[in-house]
Structures are given as C-alpha cells and as structure tokens.
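[1] I would like to see how this sequence folds:
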Amino acid sequence: MLNKLKKSWHELREADPGSRFQERYRHRQRQGGSGLRKPLFIGGGIAIMAAGVFFLPAPGPGFLILFIGAGLLAQESLLAARALDWTEVKLRALAGWGMRVWRSSPLPVKILLVLVGAALAAGAAYLGYRLVFAR
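    Sure, this is the predicted structure:
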C-alpha cells in the first residue's frame, strides 16, 4: 500500500500544473474499482476538509489538511479537480509575485513584512484560542 501511495504522489507531482488533478481524476475513473470507493473518497474528502476548516484559525497545518481533503475529493469529482487545478495556477502566480516583491524589497521593508506577518499569525492564534476555549 505504501508503494502505491508513493507512486500516486510521484505521478501527481510530475504532472503539469493546471491539469494534474484532472489527469488524476481521469486515471482514477479508468481504474474502476468497488462501488464503495466513490462514496468513501467523497465522504473522506469532505470530512478531512471540515477538519482543515476547523484548524484554520489555530496555528498549525490547517491549509495542508484542507488541501489533502480537497485532493481526495478531486479524485472522484471532476468539478473539484477543475477547481483545484484553477486554484493551483492562481496560487502559483500569487507566490511568484510575492517572491519577486520580496527579492526586490529593501531590508527595512522585509523586516516590516515579517513583523506584520507575525502579528497576523498571533492574532489568528488568539482568535482560534478564543473560539475553542472561550466560555
């Protein structure tokens, strides 16, 4: 099972951005399988995405959990696969823009950006704490 998971991850990683999730969806549909596979993947994907949404305000891997659930869902839903491909392309463009801005910024601006990011993370952590533990 571990080898199958590694192979699946390698295929997903090697595919072209913007079409990798749709290719994975088509591959899974050609494989066939039991009648329980589709409801299990969809239900599992939705449950994992719900856990990811729950962990978003808390510091930790909320986005990672959310994307893992979306990836499971995308294996059985063409709409979800298309949405993930579109999102990946947009996030890659945003990350590229952010890296260009970071590289061209002077040191004081970088320090300010890090401080603002730390303040936002602290605020999100506090909000998560209040939502979970407040009475």
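
[2] In terms of secondary structure, what does the worst-scoring helix or strand of the chain on mean pLDDT contact?
    The weakest-scoring helix or strand in the chain, judged by mean pLDDT, DSSP states H and E, is helix 2-14 (a mean of 79). In this structure, helix 2-14 packs against helix 20-31, with contacts taken as 3 or more Cβ pairs under 8 Å, 6 or more residues apart in numbering; DSSP states H and E. Backbone N, C-alpha and C define where each C-beta goes, glycine included.

[3] which residues are in contact with whichever helix or strand comes after the helix it packs on?
    Per DSSP states H and E, the first helix or strand lying C-terminal to helix 20-31 is helix 37-55. If you take Cβ atoms under 8 Å, 6 or more residues apart in numbering as the criterion, helix 37-55 is touched by 61-77, 80.

[4] Also compute the angle for helix 37-55 relative to helix 20-31, please.
    Computed with axes from the mean of the first three to the mean of the last three Cα atoms, to 10 degrees, the direction of helix 37-55 lies at 150 degrees from that of helix 20-31.
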